[in-house]
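Undergrad: from the sequence below, what's the structure:
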Amino acid sequence: MTISILECIPNYSEARRPDVVEAIMNSITTVEGVTILDRHSDLDHNRTVLTFVGPPEAVEEAAFRSIARAAELINLDQHTGEHPRIGATDVVPFVPISGLTMQDSVQIARHLGKRVGEELNIPVYLYEEAATRPERTNLENLRRGQYEALKLEMGKNSERDPDFGPNQVGTAGATVIGSRQPLIAYNVYLTTDDISIAEKIAKTVRFSSGGLRFVKALGMQCEGRAQISMNLTNYHKTSLPLVVETIRREASRYGVMIHHAELVGLIPQAALVDAAVWYLQLDQFKPEQILEQKLSTIQPAHQTPAAELSEFGTDFLDALAAGSATPGGGSAAAYSGAAAASLVCMVARLTLGRKKYAEVENNIQTVLTQAKTLRNDLTLAIQLDASAFESVMVAYKLPKDTPEQQEIRNKSIEHATLLATQVPMGVAQNSSRVLELAEQVIRYGNISALSDGATAATLARAAINGAGYNIRINTKHLPSSISEPLLGELIGLEQHATEVEVRIQKTFHERGL
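TA: The predicted model follows:
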């Protein structure tokens, strides 16, 4: 018998008040059978995306409770953020996972929409597969002008009439509810703060402007960088590698590069496999060649623990000592940064919920949210650094017998070396942010864990130093036009780290001695 599982990925217009986000999450977990799989909070967007699954009835009830809680705690008149929005609970998509058809999911979306409109007095629009009008299929049409325009036009312009609920908005705004296929929410950051470049690239890649089919994109600024924020609505027909390479090509036209990218929420495994097949040119690849997939066919008693399957998992230190070229110093630096972020999480959790530290609860919750994200990024960098160095070694082994081969080899070496520089640069940047968070828990966190916070700071600085050595070695093999900005950024990070360390030492002695 197939178990019916429904996924819900609601977006809430709040990320800067962790207590509000936690309250919304708690409203979801009160429903039996529902499991929250992921939380992604972006402070610049001031937006949180949650992913939860369970039986259809339970998921619908959890979504309803979360919309009600968000309406109580979020006032759109006071909300600011980079991401477009029209509601406290901005959009609620359902995705059928197993035992359900798309039509089943549509009926759930419409039933929830009716209930939210009638019981919570919130205007509701239906979109995607659940849309009642063709022009409402696309979310961007419903978000035109955002909350501010909706507030002015609703009740005056019939095109703004909701599918359910009142014909006017309160401080909770309106909510968009629907059903869709799985999509990939994917953001690409550029090596510039010029938002106009991100807007031009977004216009090139998004389908509505004549770009790639099944791609929605906006240019905005986040974390001090220009960002292309995207939804890939059908990764089977428009692959992730195609989108990335199109952005990379367009970015080069403006003299910039991809700095890093991020996922918002979860991604289907098949999309990552497709990306690996594309980049590795595995033309004859078959899914059953994936080790974990093969093992999944074995009886549970014979399954190998996931940690044992990880190349670097619990055996990372043994791999580091093995005498092979990878993993090396760059991976060790990332490991140190991840350990630092883990300790920051530890101190934050030892502080939260204690009356003595009630005044700093919100601040520490923000620290915890950021530290968890940084820990994930730095953990991923452990393997990324090793992979990047292996690409350099492969490039040096390319043939160079003819001028054409030599040119291809030189370009491959430069490209691989740049990648091998960008990874530790990301480690240095993320570790710098961990160091700042360590300063926060040393200053405000549980005094019983003061030494743990100081250790986190020490490990974060070690990660910056280790990454810096790798950057300096690699930039020697890059053109000065590329190496000098990278070295300038590194020096800035190191100087900032020294300033933070001085403050940390002072605070440690004030609180600990």
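Undergrad: make it CA atoms for all contacts and neighbour counts henceforth
TA: Fine.
Undergrad: can you spell out which helices and strands pack onto the helix or strand harbouring Ala68?
TA: Element membership for Ala68 (DSSP states H and E) is helix 56-73. Judged by 3 or more CA pairs under 8 Å, 6 or more residues apart in numbering; DSSP states H and E, helix 56-73 is in contact with strand 5-8, helix 18-29, strand 89-98, helix 102-119.
Undergrad: and the contacts of it?
TA: 4-8, 10, 12, 20, 23-25, 27-34, 52-53, 88-89, 92, 108, 112, 116, 120, 171-172 (CA atoms under 8 Å, 6 or more residues apart in numbering).
Undergrad: let me see the domain layout of this protein.
TA: Listed by automatic domain parsing, the domain ranges of the chain are 5-179, 184-280, 316-512.
Undergrad: export these to TSV and tack on mean neighbour count?
TA: Converted to TSV, the domains of the chain look like this (neighbours: other CA atoms under 10 Å):
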stretch	mean neighbour count
domain 5-179	20
domain 184-280	18
domain 316-512	19
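Undergrad: tell me what Tyr189 is bridged to.
TA: Assessed by DSSP bridges, Tyr189 has beta-bridge partners Gln227, His260.
Undergrad: distance check, it against Gly255.
TA: Going from Tyr189 to Gly255 by CA to CA, to the nearest Å gives 14 Å.
Undergrad: same question for Gly492.
TA: In terms of CA to CA, Gly492 sits 22 Å off from Gly255.
Undergrad: now the nearest residue to Ser209 once chain neighbours are set aside: how far from Ile247?
TA: Nearest residue to Ser209, sequence neighbours excluded (CA to CA, 6 or more residues apart in numbering): Lys203, at 5.7 Å. As judged by CA to CA, Lys203 and Ile247 stand 11 Å apart.
Undergrad: then Arg65?
TA: According to CA to CA, Arg65 and Ile247 sit 39 Å apart.
Undergrad: figure out which of the helices and strands packed on helix 56-73 is closest to Met346.
TA: Shortest distance between Met346 and the helices and strands packed on helix 56-73, using CA to CA, is found for helix 18-29: 17.0 Å.
Undergrad: below-threshold pLDDT in this protein: ranges please.
TA: Of all residues in the chain, those with pLDDT under 70 make up the ranges 1-2, 292-315, 513.
Undergrad: which parts of this structure are strands?
TA: 5-8, 11-12, 35-42, 47-54, 89-98, 124-128, 175-179, 184-190, 215-222, 225-232, 258-264 (DSSP state E).
Undergrad: and those strands as CSV, adding distance to Ala325?
TA: Listed next are the strands of the chain as CSV, based on distance: least, CA to CA, whole Å:
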stretch, distance to Ala325
strand 5-8, 43
strand 11-12, 44
strand 35-42, 35
strand 47-54, 39
strand 89-98, 42
strand 124-128, 50
strand 175-179, 48
strand 184-190, 30
strand 215-222, 36
strand 225-232, 33
strand 258-264, 25
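Undergrad: of all those, which one is nearest Leu343?
TA: Nearest to Leu343, of all the strands of the chain, is strand 35-42, at 20.2 Å by CA to CA.
Undergrad: now the domains of the chain in a markdown table, with distance to Pro287?
TA: Output for these, formatted as a markdown table (distance: least, CA to CA, whole Å):
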| stretch | distance to Pro287 |
| --- | --- |
| domain 5-179 | 20 |
| domain 184-280 | 8 |
| domain 316-512 | 22 |
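Undergrad: thinking again about what came up before, my guess is the residue nearest to Ser209 meets Leu218, correct?
TA: Yes - taking contacts as CA atoms under 8 Å, Lys203 lies within contact range of Leu218: 7.5 Å.
Undergrad: ok, now how distant is the residue nearest to Ser209 from Ser229?
TA: Taken as CA to CA, the span from Lys203 to Ser229 is 11 Å.
Undergrad: what touches both of these two?
TA: Common neighbours of Lys203 and Ser229 (CA under 8 Å, 6+ apart) are 217-218.
Undergrad: looking at the domains of the chain, which is closest to Gln289?
TA: Here domain 184-280 is closest among the domains of the chain (CA to CA), at 10.9 Å.
Undergrad: ends of that closest one, what's the gap?
TA: 21 Å.
Undergrad: starting at the chain centroid, how far to stretch 71-85?
TA: What separates the centre of stretch 71-85 from the centre of its chain is 20 Å, taken as CA atoms, centre = their mean, to the nearest Å.
Undergrad: now swap in stretch 42-61 and tell me
TA: With CA atoms, centre = their mean, you get 15 Å for stretch 42-61.
Undergrad: got it, and stretch 265-283?
TA: 17 Å.
Undergrad: what comes into contact with it?
TA: By CA under 8 Å, 6+ apart, stretch 265-283 touches 38-40, 49-51, 182-185, 235-236, 239-241, 285.
Undergrad: show me what contacts Thr351?
TA: Going by CA under 8 Å, 6+ apart, Thr351 touches 357, 361, 364, 445-446.
Undergrad: nearest to Asp77, of those?
TA: Distances from Asp77 to the contacts of Thr351, taken by CA to CA, are shortest for Glu361, at 24.9 Å.
Undergrad: show the contacting residues for the closest residue to that closest one other than its chain neighbours.
TA: Nearest residue to Glu361, sequence neighbours excluded (CA to CA, 6+ apart): Leu352, at 6.0 Å. Leu352 makes contact with 358, 361, 364-365, according to CA under 8 Å, 6+ apart.
Undergrad: give me phi/psi at Leu352?
TA: Backbone torsions of Leu352, given as degrees, to the nearest 10, read phi -60, psi 140.
Undergrad: can you give me the helices in the stretch 351-500 of the chain?
TA: Taking DSSP state H, counting those that start in this stretch, the helices of the stretch 351-500 of the chain run over residues 361-396, 403-444, 450-475, 480-512.
Undergrad: wait, isn't Leu437 in contact with Thr366?
TA: No - at 9.5 Å, Leu437 and Thr366 do not qualify as touching, with contact defined as CA under 8 Å.
Undergrad: please tell me how far Glu32 sits from Ser4.
TA: With CA to CA as the criterion, Glu32 and Ser4 are 15 Å apart.
Undergrad: centre of the chain to stretch 209-222, how far?
TA: 17 Å.
Undergrad: CA atoms of it as PDB?
TA: Extracted C-alpha coordinates of stretch 209-222, given in PDB (Å, rounded to 0.1, in the frame of the first residue of the first chain):
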ATOM      1  CA  SER A 209      11.900  38.100 -21.000                       C
ATOM      2  CA  GLY A 210      12.700  35.600 -23.700                       C
ATOM      3  CA  GLY A 211      15.200  33.500 -21.800                       C
ATOM      4  CA  LEU A 212      15.300  29.900 -20.700                       C
ATOM      5  CA  ARG A 213      12.100  28.000 -20.400                       C
ATOM      6  CA  PHE A 214      11.000  27.100 -16.900                       C
ATOM      7  CA  VAL A 215      13.200  29.700 -15.300                       C
ATOM      8  CA  LYS A 216      12.000  32.700 -13.200                       C
ATOM      9  CA  ALA A 217      14.600  35.200 -12.100                       C
ATOM     10  CA  LEU A 218      15.000  38.500 -10.400                       C
ATOM     11  CA  GLY A 219      18.100  40.600  -9.800                       C
ATOM     12  CA  MET A 220      18.600  42.000  -6.300                       C
ATOM     13  CA  GLN A 221      21.300  42.800  -3.700                       C
ATOM     14  CA  CYS A 222      21.900  40.500  -0.700                       C
END
